[in-house]
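Colleague: Here is my input; please provide its structure:
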Amino acid sequence: MQMRENETLLCEAIAKLKNNIAYLKDVREYKKGFSLDMGKAVLNAIDLRGIEKVVCNNHNLHELLEKLRFEKKDCAFSLLLKGYFSTNCETF
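Modeller: Have a look, this model is predicted:
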């Protein structure tokens, strides 16, 4: 998934879907200030596919993952999407 302004690539997210689990591989920010919005967008796209669990092993994303409310368990971050987008307009 990519975020662009005209022809300029601002940010992109890479996720793999397998066996009803989404694996967030990377969020690459080319212009500062877009990673959180991209993170929310990719999670929304995953949720719309009916997938409820997202896992990320990319520890370079730990600050973003914490803002998105991922929990660290063992050596990976995970997030359950059930109810994630219906939290009465809770802000991040």
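Colleague: At the geometric centre of the chain, which residue sits there?
Modeller: G39 (3.6 Å; Cα atoms, centre = their mean).
Colleague: How about the secondary structure of L64?
Modeller: helix (DSSP: H, G, I helix; E, B strand; the rest coil).
Colleague: May I have the residues that are in contact with it?
Modeller: 27, 35-36, 39 (Cβ atoms under 8 Å, 6 or more residues apart in numbering). Bear in mind the C-beta positions are built from the backbone N, C-alpha and C, glycine included.
Colleague: So which of the residues you listed belong to helices?
Modeller: 35-36, 39 (DSSP state H).
Colleague: Can you verify my assumption that the residue nearest to the centre of the chain contacts E29?
Modeller: No: assessed by Cβ atoms under 8 Å, G39 is found out of contact with E29, at 10.1 Å.
Colleague: so what strands line up beside the longest strand along the chain?
Modeller: As assigned by DSSP state E, the longest strand anywhere in the chain is strand 8-18. Strands adjacent to strand 8-18 in the sheet, as given by DSSP bridges, are strand 2-5 (antiparallel), strand 21-29 (antiparallel).
Colleague: before we move on, the earlier item: dump the ones in helices among the contacts of L64 to a markdown table, plus distance to N6 and pLDDT.
Modeller: As requested, those are arranged in a markdown table below (distance: Cβ to Cβ, whole Å; pLDDT from 0 to 100):
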| residue | distance to N6 | pLDDT |
| --- | --- | --- |
| S35 | 20 | 97 |
| L36 | 22 | 96 |
| G39 | 22 | 97 |
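Colleague: re the thing from before, buried ones in the longest strand of the chain, by neighbour count?
Modeller: 10-13, 15 (16 or more other Cβ atoms under 10 Å).
Colleague: Any idea how far it is from the middle of the chain?
Modeller: 9 Å (Cα atoms, centre = their mean, to the nearest Å).
Colleague: Tell me the spacing between the residue nearest to the centre of the chain and Q2.
Modeller: 13 Å (Cβ to Cβ, to the nearest Å).
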